[in-house]
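# Sequence plus predicted model, see below.
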Amino acid sequence: MFQKARRKLSVICCFTMAWIVLIIVLCCLHVSEKNMYGQVKALFFLQANTISSDLYASKNISIEWYMRSTGNAQNALSIETGGVPSTLTSVALPQEKQALIQDVKKAIHLAANQGEVSSPIKNIPGTGTVSSKMEQDFFEYTSGKERFLVMDARFFEKEREVDVLYLYSLGSFLQDVRTQRLWFGFIWLASILGLYLFSYLFTSHVLQPLIQNDERQKQFIAFASHELRSPLAVFRTGLSLLKNNPGTEKSQRIFSLLGNEMSRMERFVQDLLCLASMELAGLQFQAQEASLAELLQSIYERYAPLAAQRQLSLTLSIEGQEGYPCLCDPQRIEQAVVILLDNALSYTPAGQQVTLRLFRLRAKCCIQVIDTGIGIPDAEKGNIFGRFYRADPSRSQKGHFGLGLSIAKEICRAHGGRISVCDTDGGGSTFTFPIHHAPGP
């Protein structure tokens with residue numbers, strides 16, 4: 001399911017980003033082509049003004065000057081005196097260029113007389129110059145697939161009118177534009193692959209919490225089904241025995257067994273509800289001023305008989321004479337301490353010791369539950385606070401569901417601390433529960 005969603009989201013993300021990149025590429029291409037065209041026009045104006053100035057001054061008018069002025073074979077220069085082409089133009093200008101010059105003249109004449117919209121001439125705004133000695137017009141001219149920048153100039157020399165028509169080919173510019181567009185298109189197409197890979201990794205990262213939540217949900221369903229199946233089977237068997245053999249000597253034991261299983265199921269449901277409240281809106285806390293020393297004394301007095309029943313030594317160690325006042329939720333603190341203490345009492349062999357310790361570390365009040373039991377392997381220490389995690393499979397037989405430590409972790413974090421575990425000297429485990437919201441002594 002998530003693989004299909006990942007592919008769809010990757011395609012949508014890639015498609016969206018590809019359009020954004022395309023718009024950026026087109027904008028960059030437009031700016032680049034505009035700058036290229038501006039450079040070409042600047043070169044054309046320089047060349048055209050040089051030609052008109054040299055002709056007006058009648059300096060160095062020769063075949064070498066003509067070839068140098070035209071620049072390359074794609075350009076064309078026509079000089080007419082009194083309406084008659086000059087000898088230099090007739091000799092140096094090829095027939096196809098002379099025909100092109102005539103086409104340009106006809107287009108100029110039509111545009112001047114009729115102003116046709118379909119004229120191949122496009123004026124260049126702000127470039128026409130008129131003076132008493134020389135008149136110049138600049139425009140673009142299109143002939144089929146060819147485009148030219150054109151200078152149409154005229155001036156008088158010894159009472160004769162000299163007409164100059166200079167055609168500057170845009171062929172090289174258009175070729176550079178096509179090459180640049182191909183490169184930009186290739187870069188855009190190549191970027192699509194990179195965008196898809198990025199989209200796939202990005203959507204994988206975005207979907208990771210959903211995948212983890214789905215895994216937790218599957219794990220929860222499997223775990224809850226397993227944990228609820230056992231007491232339900234006991235209920236079914238017990239009720240069947242009571243129905244078929246009422247009033248027997250086994251009834252008392254059956255009722256006791258059903259009561260234990262009911263308590264176990266009730267505890268499991270309470271843990272699940274607690275975790276559900278963490279997921280949806282977080283634990284509800286009622287902060288108030290409380291004495292941690294009195295709180296631990298109360299817990300100790302309640303659990304000392306249970307420890308003695310299991311042949312364990314439970315001791316309480318409170319450093320100093322202060323009452324350890326703290327702004328916290330005492331019910332949640334008690335819940336966390338009871339979880340740790342219950343685990344310690346369950347996994348410490350008979351004849352060993354469990355210690356409740358309260359001390360101050362800088363601005364924090366720290367609660368420790370120390371046991372000398374079986375301990376926790378180093379490889380498991382990073383996982384024991386995970387939900388439904390149980391390093392020892394036998395915990396399910398002792399009423400432990402792998403939920404308590406995760407609840408204690410959330411309670412500790414809500415009080416500004418971080419619960420930790422380390423090995424006890426001589427064997428066992430030591431859980432440290434710091435509470436940040438503790439006023440100074």
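Good, I have the coordinates.
# what are the ranges of the helices in the protein?
When assigned using DSSP state H, the helices of the chain occupy the ranges 2-57, 63-70, 87-92, 95-113, 171-244, 251-280, 292-309, 330-346, 378-381, 404-414.
# among the ones you listed, which is nearest Gln368?
Taking CB to CB, helix 330-346 is the member of the helices of the chain nearest to Gln368, at 8.9 Å. All C-beta spots, glycine's among them, are computed from the backbone N, C-alpha and C.
# Can you spell out which helices and strands pack onto that closest one?
Applying 3 or more CB pairs under 8 Å, 6 or more residues apart in numbering; DSSP states H and E, we find helix 330-346 packed against strand 288-291, helix 292-309, strand 353-361, strand 364-371, helix 404-414, strand 429-435.
# can you list these in CSV and add distance to Ile23 and mean pLDDT?
Below are the helices and strands packed on helix 330-346 laid out as CSV (distance: least, CB to CB, whole Å; pLDDT from 0 to 100):
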stretch, distance to Ile23, mean pLDDT
strand 288-291, 59, 88
helix 292-309, 62, 90
strand 353-361, 58, 91
strand 364-371, 55, 91
helix 404-414, 46, 83
strand 429-435, 54, 90
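# In PDB, please show the C-alpha coordinates belonging to stretch 96-107.
Provided in PDB are the C-alpha atoms of stretch 96-107 (Å, rounded to 0.1, in the frame of the first residue of the first chain):
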ATOM      1  CA  GLU A  96      21.600  36.600 -54.800                       C
ATOM      2  CA  LYS A  97      22.500  39.400 -52.400                       C
ATOM      3  CA  GLN A  98      21.600  42.000 -55.100                       C
ATOM      4  CA  ALA A  99      18.200  40.300 -55.400                       C
ATOM      5  CA  LEU A 100      17.900  40.400 -51.600                       C
ATOM      6  CA  ILE A 101      18.700  44.100 -51.700                       C
ATOM      7  CA  GLN A 102      15.900  44.700 -54.200                       C
ATOM      8  CA  ASP A 103      13.400  42.700 -52.100                       C
ATOM      9  CA  VAL A 104      14.300  44.900 -49.100                       C
ATOM     10  CA  LYS A 105      13.800  48.100 -51.100                       C
ATOM     11  CA  LYS A 106      10.400  46.900 -52.300                       C
ATOM     12  CA  ALA A 107       9.500  46.100 -48.700                       C
END
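# What residues of that stretch count as buried?
Lys97, Leu100, Ile101, Val104, Ala107 (16 or more other CB atoms under 10 Å).
# From these, pick the one nearest Phe15.
Ala107 (46.2 Å).
# Return the per-residue confidence for that closest one.
pLDDT for Ala107: 86.
# Val177 now?
At Val177, pLDDT is 93.
# how deep is the closest residue to it other than its chain neighbours tucked in, by neighbour count?
Leaving out its chain neighbours, the residue that sits closest to Val177 by CB to CB, 6 or more residues apart in numbering is Glu33, at 5.7 Å. Applying other CB atoms under 10 Å, we find 15 residues neighbouring Glu33.
# and if you look at Ile435?
21.
# quick one: it and Leu361 touch, right?
No: taking contacts as CB atoms under 8 Å, Ile435 lies outside contact range of Leu361: 10.3 Å.
# how close does Leu149 sit to Lys122?
Going from Leu149 to Lys122 by CB to CB, to the nearest Å gives 10 Å.
# higher neighbour count, those two?
Counted by other CB under 10 Å, Leu149 and Lys122 do not tie: Leu149 has more neighbours, with 25 against 13.
# buried set for stretch 33-43?
Judged by neighbour count using 16+ other CB under 10 Å, the buried positions of stretch 33-43 are Val40, Lys41.
# hang on, Leu341 packs against Thr355?
No: counting by CB under 8 Å, Leu341 stays clear of Thr355, with 10.1 Å between them.
# any shared contact partners between the two?
Shared contacts of Leu341 and Thr355 (CB atoms under 8 Å, 6 or more residues apart in numbering): Val369.
# Among the two, which residue is more densely surrounded?
Neighbours were counted for Leu341 and for Thr355 using other CB under 10 Å; Leu341 has more, 23 against 18.
# Need the pLDDT of the more buried one.
Reported pLDDT for Leu341: 90.
# Equivalent analysis for Trp183, please.
93.
# I'd like to know how far it sits from Cys27.
16 Å.
# Quick one: residues contacting Phe148.
Counted by CB under 8 Å, 6+ apart, Phe148 has contacts Val104, Glu140, Tyr141, Thr142, Leu167, Tyr168, Ser169, Leu170.
# just Thr430 next, same as before
Gln368, Val369, Ile370, Asp371, Val421, Cys422, Asp423, Thr424.
# May I ask which of these has the most neighbours?
Highest count within these by other CB under 10 Å belongs to Asp371, 27 neighbours.
# was I right about it contacting Gly427?
No: checked against CB under 8 Å, the pair Asp371 and Gly427 is beyond contact range at 9.1 Å.
# Now do the contacts for the spatially closest residue to Leu88 that is not a sequence neighbour.
Nearest residue to Leu88 in three dimensions, chain neighbours excluded: Tyr66, at 5.6 Å (CB to CB, 6+ apart). Residues in contact with Tyr66 (CB under 8 Å, 6+ apart) are Leu77, Leu88, Ala92.
# Who are the contact partners of the first one?
Right, the one you point to is Leu77. Ile51, Tyr66, Ser69, Thr70, Thr89, Leu93, Val164, Leu165, Tyr166, Leu167.
# Within the sheet, what are the partner strands of the longest strand belonging to the chain, with directions?
Across the chain, the longest stretch assigned as strand under DSSP state E is strand 146-157. Strand 146-157 pairs in its sheet with strand 134-143 (antiparallel), strand 160-169 (antiparallel), by DSSP bridges.
# of these, which approaches Thr315 most closely?
For Thr315, the closest of those is strand 134-143, at 99.5 Å, according to CB to CB.
# Buried residues of that closest one, list them for me.
Counting neighbours by 16+ other CB under 10 Å, strand 134-143 gives Met134, Gln136, Asp137, Phe138, Phe139, Glu140, Tyr141 as buried.
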